[in-house]
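A.B. asks: only geometry, no sequence info:
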């Protein structure tokens, strides 16, 4: 299953994240299928590739909690009008 999730970049105390599409069983730093955005928590900056995110969601990708919250703050989920629920697997 493919999941959009965060990949950590930067130095200590100066972290930034890239939002990537990756297989759910891969490691955080594993090989990404596609990079779909950027998030800087210090400056609250977000840059998203909306068309790529919409394609992933329509193909059945499951969002992680953090990425879902970032997309909500950016207003993407309301624009796309996709009612998504996070599936938690144990």
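C.D. replies: Nice, I can see it. The model shown is predicted, which means the values in this text are computed figures rather than measured ones.
A.B. asks: Residue 45 and residue 37 touch, don't they?
C.D. replies: No. Counting by Cβ atoms under 8 Å, residue 37 is not a contact partner of residue 45; they are 10.7 Å apart. Yep, even glycine has a C-beta here, placed from its N, CA and C like the rest.
A.B. asks: Compare these two (neighbour count), which wins?
C.D. replies: Counted by other Cβ atoms under 10 Å, residue 45 and residue 37 do not tie: residue 37 has more neighbours, with 23 against 10.
A.B. asks: Which strand residues bridge the residue nearest to the more buried one when sequence neighbours are not counted?
C.D. replies: Excluding the flanking residues, the one nearest residue 37 by Cβ to Cβ, 6 or more residues apart in numbering is residue 19, at 3.6 Å. On the basis of DSSP bridges, residue 19 takes part in beta bridges with residue 6, residue 37.
A.B. asks: Repeat that for the one 4 residues further on.
C.D. replies: Beta-bridge pairing of residue 23, defined through DSSP bridges, involves residue 2.
A.B. asks: i'd like the first residue to be 57 from this point on
C.D. replies: Right, with 57 as the first residue, what we last looked at is residue 79.
A.B. asks: Which residues are in contact with it?
C.D. replies: Applying Cβ atoms under 8 Å, 6 or more residues apart in numbering to residue 79 gives the contacts 57-59, 86, 89.
A.B. asks: Which ChimeraX command selects the buried ones in these?
C.D. replies: Selecting just the buried residues from the contacts of residue 79 in ChimeraX takes one command, with 16 or more other Cβ atoms under 10 Å as the test:
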select :58,59,89
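A.B. asks: Please identify which of the contacts of residue 79 is nearest to residue 114.
C.D. replies: For the contacts of residue 79, the closest approach to residue 114 (Cβ to Cβ) belongs to residue 58, at 11.8 Å.
A.B. asks: what residues are up against that closest one?
C.D. replies: 77-80, 89, 112, 115-118.
A.B. asks: What subset of those is buried?
C.D. replies: 77-78, 89, 112, 117-118.
A.B. asks: Most widely separated two among these?
C.D. replies: Farthest apart among these by Cβ to Cβ are 89 and 118. That separation is 13.9 Å.
A.B. asks: is it true that the residue nearest to residue 93 touches residue 90?
C.D. replies: No. In this structure, residue 75 is not within contact of residue 90 by Cβ under 8 Å, at 9.9 Å.
A.B. asks: No more questions from me, cheers.
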